[in-house]
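> No sequence on hand, only this structure:
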């Protein structure tokens, strides 16, 4: 029996990624959409989650694609109604929210899936395997993109709690915490915050693996032209480069794998499997590192930015 | 057999609280001190933890009283040497550090005690019992003190990662997360940061219990005269006031209990019990809420402050 799913928040990420992935995958069907301003095609439409829950008693799961600031209350409402929940990343605006949702989902016996799409990029699993048998000596992360291209008309990303450049940066952290087996800790951070914004446009993080290998990281939202989403790893036995956001793997200078992005279809296959077992998959490690960066980060005011 | 303990960081908190408590409690003896500048009386003295570990092979436990920025590396070193560890609060500079220490202590089979001294204030246990049978309607926290009095000559508290007013404020959060049974989430925060400092001197937090009761919180480090450490709880069946940092309990306007501070002796009794069972007691909930406040907090510049 296919999962009957309702989606909340019919914005750019929902149209670009979720709807095509759900249409492609067996085992899940979209039956309803809740959105203040937009209408889904070929499904029942509701103005908000409460109306959708009331109108779709047979719905099994809810997919939450709204901005993270409002995701917690919606997730709580859905779990209390006994629905399985798929959370776009980041899974919440705070770590304590996600921990509260995990406790609630356990108590209600429903699936909670905190999706980290970059972990499903084509080359990530192979990179993890390659690293498992090697000693990490150093990791360098460069995550540079053009905010005007990727986040047009999304003022919430610049507000307090909107994550700023950590919105893409958390993708790098989600890959990092997937491919490195040891715990990772944050040592220090510098946050470049435009004078007319509340969230950083650039950040440098110094992290380390538990055994002490340094992890130098640069996030920047001011990169025009070619975009950079690279994780470079030096080990005792060779060099690894994950580029294109995890979709290209280069080992010792030789490209091993270069595959198109299949992140969202892969995530929906995983969600179908989780729901079958009422299992929880909600790793907060990437979000904890972001919170830690804000906790111990030095604020460096920088020039006004008009998006 | 008494625990043989070594203490690292012979500063104000160690002299004011740890040494008298250890002297008072059965089951633990101080055998060594590691400090760059100070000397403990009647014990072996070392310049740093490495020298102390080398010089005291029979030492069972290490008590870490340095500033939180350097506590993680020391705790890791002590755990890897097979020692039980007592952490002053906060247990680390970041959430990811403490989670990494918990994993390491589990792997090594040693005690890790993340001490939250305010949880052992005289009236906290009774307050928790009273609240357990009532429905919380609203909580108000006022934590106002004079930083010049309590933190003379501690420039690290004003640096990035030094917590600022959250250094005392986390005590309130440690009591809050002890007496409220439900998960607590942070909704929003305002952080007042002096223009010449990196850490906040004042903060307002809006939090909520999972079932929706609001928790309004003010932390302020500019209070001269009488100091205020109050948690007021309105319930469906009466009003509770925890004052004096948890040492006085008032129910519906009647003082029920007013006892002197016995926090540190109580904590050392608990540590002796934990070590006997090689148990871990390291709740990160208060630290998570602080990280969340920095993550989603609005920075409000305020006047320069000279301490």
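Received the coordinates, thanks. The structure presented is a predicted model; accordingly, all values stated were derived computationally and were not measured. Numbering: from 1, shown residues only, chains lettered A, B, ... in the order given.
> Just give me the longest strand of chain A.
strand A:184-194 (DSSP state E).
> Beyond it, next helix or strand please.
strand A:202-209 (DSSP states H and E).
> the inter-axis angle of that following strand versus strand A:184-194?
170 degrees (axes from the mean of the first three to the mean of the last three CA atoms, to 10 degrees).
> The next helix or strand after strand A:202-209 vs strand A:202-209, what angle?
Downstream of strand A:202-209, the next assigned helix or strand under DSSP H and E is strand A:214-220. Our comparison of strand A:214-220 with strand A:202-209, counting by the same axes, to 10 degrees, yields an angle of 160 degrees.
> Which elements pack onto the helix or strand just after strand A:214-220?
Next in sequence after strand A:214-220, counting helices and strands by DSSP H and E, comes strand A:228-235. Contact analysis of strand A:228-235 by 3 or more CB pairs under 8 Å, 6 or more residues apart in numbering or on different chains; DSSP states H and E lists helix A:124-132, strand A:136-144, helix A:166-179, strand A:238-243 as its packing neighbours. Where C-beta positions appear, they are placed from N, C-alpha and C, glycine not excepted.
> and the last one, which strands flank it?
Think strand A:238-243. Taking DSSP bridges as the criterion, strand A:238-243 pairs within the sheet with strand A:228-235 (antiparallel), strand A:248-251 (antiparallel).
> Show me what the longest strand of chain A is packed up against.
Contacts defined by 3+ CB pairs under 8 Å, 6+ apart place strand A:184-194 against strand A:202-209, helix A:285-296, strand A:297-302, helix B:95-108.
> Read off the pLDDT value for the residue most central in space within chain A.
Residue closest to the average C-alpha location in chain A (CA atoms, centre = their mean): residue A:89, at 3.4 Å. Listed pLDDT for residue A:89 reads 94.
> what's near enough to touch it?
A:114-117, A:170-171, A:174, A:286 (CB atoms under 8 Å, 6 or more residues apart in numbering or on different chains).
> And it, how far from residue B:95?
18 Å (CB to CB, to the nearest Å).
> quick one on the thing from earlier: how about the strands paired with strand A:238-243, which one is nearest residue A:122?
Evaluated over the strands paired with strand A:238-243, closeness to residue A:122 peaks at strand A:248-251, with 7.9 Å, by CB to CB.
> Contacts for the closest one, please.
A:122-123, A:126-127, A:130, A:238-243, A:255-259.
> give me that answer again for 6 Å
Contacts to strand A:248-251, defined as CB atoms under 6 Å, 6 or more residues apart in numbering or on different chains, come from residues A:123, A:126-127, A:240-241, A:256-258.
> Which of those are buried, as a ChimeraX select command?
Only the buried entries of the contacts of strand A:248-251 go into this ChimeraX selection, using 16 or more other CB atoms under 10 Å in any protein chain shown:
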select /A:123,126,127,240,241
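> What is the most widely separated pair among the contacts of strand A:248-251?
Going by CB to CB, the pair spanning the contacts of strand A:248-251 furthest: A:240 and A:258, at 14.3 Å.
> Buried deepest among the helices and strands packed on strand A:184-194, which one?
When these are scored by mean count of other CB atoms under 10 Å in any protein chain shown, the highest mean neighbour count falls to helix A:285-296 (a mean of 27).
> I'd like to check the angle between that one and helix B:166-179, please.
140 degrees.
> Look at the residue nearest to the centre of chain A and give its secondary structure.
Here residue A:89 is recorded as coil under DSSP: H, G, I helix; E, B strand; the rest coil.
> Now do the phi/psi pair for it.
phi -90, psi 150 (degrees, to the nearest 10).
> From chain B, how far off is it?
15 Å (CB to the nearest CB, to the nearest Å).
> now swap in residue A:257 and tell me
30 Å.
> And for residue A:171?
Going from residue A:171 to chain B by CB to the nearest CB gives 17 Å.
> next one: residue A:222
Relative to chain B, residue A:222 is positioned 21 Å away (CB to the nearest CB).
> just residue A:166 next, same as before
Taken as CB to the nearest CB, the span from residue A:166 to chain B is 9 Å.
> and that residue, how many neighbours does it have?
29 (other CB atoms under 10 Å in any protein chain shown).
> got it, and the one 4 residues further on?
Other residues near residue A:170 come to 21 when the count uses other CB under 10 Å.
> Settle this for me: it is touching residue A:286, isn't it.
Yes. Counting by CB atoms under 6 Å, residue A:170 does reach residue A:286; the two are 5.1 Å apart.
> Tell me who's in contact with residue A:279.
Residues near residue A:279 by CB under 6 Å, 6+ apart: residue A:111.
> that older thread, buried deepest among the helices and strands packed on strand A:228-235, which one?
helix A:166-179 (a mean of 25).
> Give me every residue in the stretch 151-300 of chain A lying close to chain B.
For the stretch 151-300 of chain A, the residues in contact with chain B (CB under 6 Å from any CB of the partner chain) are A:160-161, A:183, A:185-186, A:198, A:210, A:288-289, A:291-292, A:294-296, A:298.
> And the furthest pair within those?
Using CB to CB, these span at most 32.8 Å, a distance reached by A:198 and A:210.
> got the contact list for the lowest-mean-pLDDT helix or strand in chain A?
When each helix and strand of chain A is scored by mean pLDDT, DSSP states H and E, helix A:12-13 comes last, with a mean of 90. Helix A:12-13 has contacts (CB under 6 Å, 6+ apart) with residue A:65.
> domain assignment for chain A?
Per the TED database, the structural domains of chain A span A:3-114, A:121-259+A:291-302.
> Tabulate those (TSV), appending distance to residue B:302.
Below are the domains of chain A laid out as TSV (distance: least, CB to CB, whole Å):
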stretch	distance to residue B:302
domain A:3-114	24
domain A:121-259+A:291-302	14
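> So which of these is nearest residue B:74?
Between the domains of chain A, domain A:121-259+A:291-302 lies closest to residue B:74; by CB to CB that is 13.4 Å.
> Residue in the stretch 51-200 of chain A with the shortest distance to chain B?
Here the stretch 51-200 of chain A gets closest to chain B at one residue, residue A:161, 3.2 Å apart by CB to the nearest CB.
> Can you verify that residue is assigned to a strand?
No. Counting by three-state DSSP, residue A:161 is not part of a strand but coil.
> That one and residue A:8, how far apart?
Taking CB to CB, one finds residue A:161 at 19 Å from residue A:8.
> Same question for residue A:248.
33 Å.
> Just want to know which of the two has more residues nearby.
Taking other CB under 10 Å, residue A:248 and residue A:8 do not tie; residue A:8 has more neighbours (25 against 19).
> from what I can see the more buried one touches residue A:36, true?
No. Taking CB under 6 Å as the definition, residue A:8 is not a contact partner of residue A:36, at 10.1 Å.
> what about the closest residue to residue A:178 other than its chain neighbours, how many neighbours?
Spatial nearest neighbour of residue A:178, excluding adjacent residues (CB to CB, 6 or more residues apart in numbering or on different chains): residue A:119 at 4.7 Å. Applying other CB under 10 Å, we find 23 residues neighbouring residue A:119.
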